[in-house]
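Novice: Show me how the following folds:
(2 chains)
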Amino acid sequence: MSTPSEDDLRALARRLAEEARHAGPAVEHVRRFGDARLRLCVTGRALADLLEALGGRPTQAPPDGCIRLWERPPGAPPVPWREHDLGPRGLVRRPGAPGETHAAVNEPHALTLVDVPAREVLWRSEAAAELPWWERAAPLRPALFWALAGPGRGLVHAGAVGDERGAVLLAGPGGSGKTTVALAAAADGMRYVADDYLLIEAGPPARAVNLFTTAKLDAGHLARFPALARRARRSADPVDGEKYVLPMPQDALATELVVRAVAVPQIAGPRTAVRSISGAAALLALAPSTAMQMPYDGGAVLATLASVVRGLPCFALEVGEDPADLAPAVDEMLERTAVPV
Amino acid sequence: MSRALRGNTPTVVHETIDGETILIHMGTGVYYSLEGTGSELWSLLEPGVHERDLLDHALVRWEGDRGQIEDAINALIIELMGEDLIVVGDNAATPLPPPGRVPFAPPQLAKFTDMQEFMLVDPLHDVDVAAGWPHVNPV
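Specialist: All right, here's what the predicted structure looks like:
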């Protein structure tokens, strides 16, 4: 068997939908993420618990997309592809030619199968009780990518923090300091949208929308933010590289904020500093890591991100040794956005 | 003989902002930046252009030694083809007359490979499943 065809995915979608219906009673509810409304249909307690880390506001409005979650039953037939058919990040296939509508992503612990125009997502876990820690911390990323993405809207690898003035979008690859800045701002009373992944709505004005109610802390974060660290949790028997997961306090979370600036954190010298950079420099920090970590749309997110960055002030945020300096730096950027250049 | 060249889209996605063009090769995970002269040349190459028309356009657009300009543009074409950012195409448009004449600055392609690992690892075998993406299994 080579890479499956559109017809293969359609047939698999019918079979999986049937499998999901027979998996047991489902709990359903609708959440709003920015302008998108998403129905979540969950079978099983373990998968319902998974959604505790998912943000969004409950709504009674009709959904414009759906994710159906269930666990693979014993004896379920294998998928019609082999491991070596998979592309980046487990991408099996996405719509290409006219008339094609289905996409699939096969991660080791879960299969995501999507009717893209209908925003109907089937998400089947291999073993609900054995999901990796990062799936529990920031669940369903490929499913959310397909269910929520659209023209001018997409999942972005970025953080965001701010207040009533708006948000600073934090751009950069892993390890650049996004979580450090987001936690420092939250610890100082600012609102937290994300430390790693969020939904962007290009607007204008662009809005950063919360997706996950957690932050992921390493040992350095625990030391720098002891008050937050007391609430962070990790498995009793952690695997190598497992981070502590911090459920963010409800009063620290913002469901969405208007984006006023883009900051590119860089772990630097002893002192925190802010300096202006070009929009292109900010886009270089924002777009490649997003496109590479979620390559499901062939890089179309680049255009969305470029439209967000155009017209926004952009800064390099040199992250110094004292975390107490970071919230004032975010405040400085928000203040500078209010002043005509 | 002059070839028709074009941007290798949709494998390569690109956006230009503040006179700088960002290019991402979705097949390799390598991304690039072209500023100034390079960004302007990309705007001609991407939709499709004959090499001869590109050089003629350049000699009207930029002031400088003709040989140096031709050498620099030929070098950029070779580099862009080597990086799979442009390919030989079937169709080419004639560029519009340039907006003015300015001094020539040799184009430079900046290349970034720090995201390449994300594309090249096998998502099932090379990634540390327990640690999560993008942690790669130690060799």
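Novice: what's the residue nearest the centre of chain A in contact with, if anything?
Specialist: Closest residue to the average C-alpha location of chain A: A:Y197 at 3.3 Å, with Cα atoms, centre = their mean. By Cβ atoms under 8 Å, 6 or more residues apart in numbering or on different chains, the contact set of A:Y197 is A:138, A:141, A:155-158, A:211-212. (C-beta placed from N, C-alpha, C; glycine too.)
Novice: make it 6 Å
Specialist: Contacts for A:Y197 (Cβ atoms under 6 Å, 6 or more residues apart in numbering or on different chains) come out as A:138, A:211.
Novice: Okay, buried residues for stretch A:107-116 please.
Specialist: Across stretch A:107-116, burial judged by 16 or more other Cβ atoms under 10 Å in any protein chain shown covers A:107, A:110-116.
Novice: and of the residues you listed, the nearest to chain B?
Specialist: Closest to chain B out of these is A:E107 (7.2 Å), distances taken as Cβ to the nearest Cβ.
Novice: Skip the chain neighbours and tell me the closest residue to B:L54.
Specialist: Distance criterion Cβ to Cβ, 6 or more residues apart in numbering or on different chains; nearest residue to B:L54, sequence neighbours excluded, is B:L44 at 5.8 Å.
Novice: from the middle of its chain, how far away would stretch A:61-71 be?
Specialist: 17 Å (Cα atoms, centre = their mean, to the nearest Å).
Novice: Just the buried residues of it, please?
Specialist: Buried residues in stretch A:61-71 (16+ other Cβ under 10 Å): A:63-71.
Novice: Show me what the top helix by length along chain B is packed up against.
Specialist: Longest helix in chain B, counting residues (DSSP state H): helix B:66-82. Applying 3 or more Cβ pairs under 6 Å, 6 or more residues apart in numbering or on different chains; DSSP states H and E, we find helix B:66-82 packed against helix B:51-61.
Novice: could you pull out the helices for chain B?
Specialist: B:36-45, B:51-61, B:66-82, B:116-120.
Novice: Look up which residues are beta-bridged to the residue nearest to the centre of chain A.
Specialist: With DSSP bridges as the criterion, A:Y197 is bridged to A:H157.
Novice: hmm, stretch B:24-37 in reach of chain A?
Specialist: Yes. Interface with chain A: stretch B:24-37 contributes B:24, B:26, B:29, B:31 (Cβ under 6 Å from any Cβ of the partner chain).
Novice: Not counting its neighbours along the chain, what's nearest the first one?
Specialist: For B:I24, the nearest residue in space outside its immediate sequence neighbours is B:Y31; the separation is 4.5 Å by Cβ to Cβ, 6+ apart.
Novice: Got the confidence number for the one you found?
Specialist: Note for B:Y31: predicted pLDDT of 94.
Novice: who touches it in this structure?
Specialist: A:288, B:24, B:112.
Novice: Excluding its own residues, what touches the strand or helix carrying A:L222? List them.
Specialist: For A:L222, the element it lies in under DSSP states H and E is helix A:219-224. Residues outside helix A:219-224 that contact it (Cβ under 6 Å, 6+ apart): A:229, A:323.
Novice: Could you rerun that using 7 Å?
Specialist: For helix A:219-224, the external contacting residues (Cβ atoms under 7 Å, 6 or more residues apart in numbering or on different chains) are A:179-180, A:183, A:229, A:232, A:244, A:323.
Novice: Just the CA atoms of that helix, as PDB, please.
Specialist: The C-alpha coordinates for helix A:219-224 follow below in PDB (Å, rounded to 0.1, in the frame of the first residue of the first chain):
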ATOM      1  CA  ALA A 219      13.400  23.300  36.000                       C
ATOM      2  CA  GLY A 220      14.600  26.900  35.300                       C
ATOM      3  CA  HIS A 221      11.000  28.200  35.300                       C
ATOM      4  CA  LEU A 222      10.400  26.400  38.700                       C
ATOM      5  CA  ALA A 223      13.300  28.200  40.200                       C
ATOM      6  CA  ARG A 224      12.500  31.600  38.700                       C
END
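Novice: May I see the buried residues of stretch A:306-317?
Specialist: Buried residues in stretch A:306-317 (16+ other Cβ under 10 Å): A:306-309, A:312-317.
Novice: from those residues, which is closest to chain B?
Specialist: So of the buried residues of stretch A:306-317, ranked by how close each gets to chain B (Cβ to the nearest Cβ), first place is A:A306, at 3.9 Å.
Novice: ok so, going back, farthest-separated two in the residues of stretch B:24-37 next to chain A?
Specialist: B:M26 and B:Y31 (9.7 Å; Cβ to Cβ).
Novice: Helices of chain A, start to end?
Specialist: Using DSSP H, helices in chain A cover A:6-21, A:45-50, A:133-137, A:141-148, A:178-187, A:219-224, A:226-229, A:279-293, A:301-309, A:326-337.
Novice: Include mean pLDDT when you put those into JSON lines, please.
Specialist: Converted to JSON lines, those look like this (pLDDT from 0 to 100):
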{"stretch": "helix A:6-21", "mean pLDDT": "95"}
{"stretch": "helix A:45-50", "mean pLDDT": "92"}
{"stretch": "helix A:133-137", "mean pLDDT": "90"}
{"stretch": "helix A:141-148", "mean pLDDT": "94"}
{"stretch": "helix A:178-187", "mean pLDDT": "94"}
{"stretch": "helix A:219-224", "mean pLDDT": "89"}
{"stretch": "helix A:226-229", "mean pLDDT": "87"}
{"stretch": "helix A:279-293", "mean pLDDT": "91"}
{"stretch": "helix A:301-309", "mean pLDDT": "94"}
{"stretch": "helix A:326-337", "mean pLDDT": "95"}
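Novice: how long is stretch A:193-200 from one end to the other?
Specialist: 11 Å (Cα to Cα, to the nearest Å).
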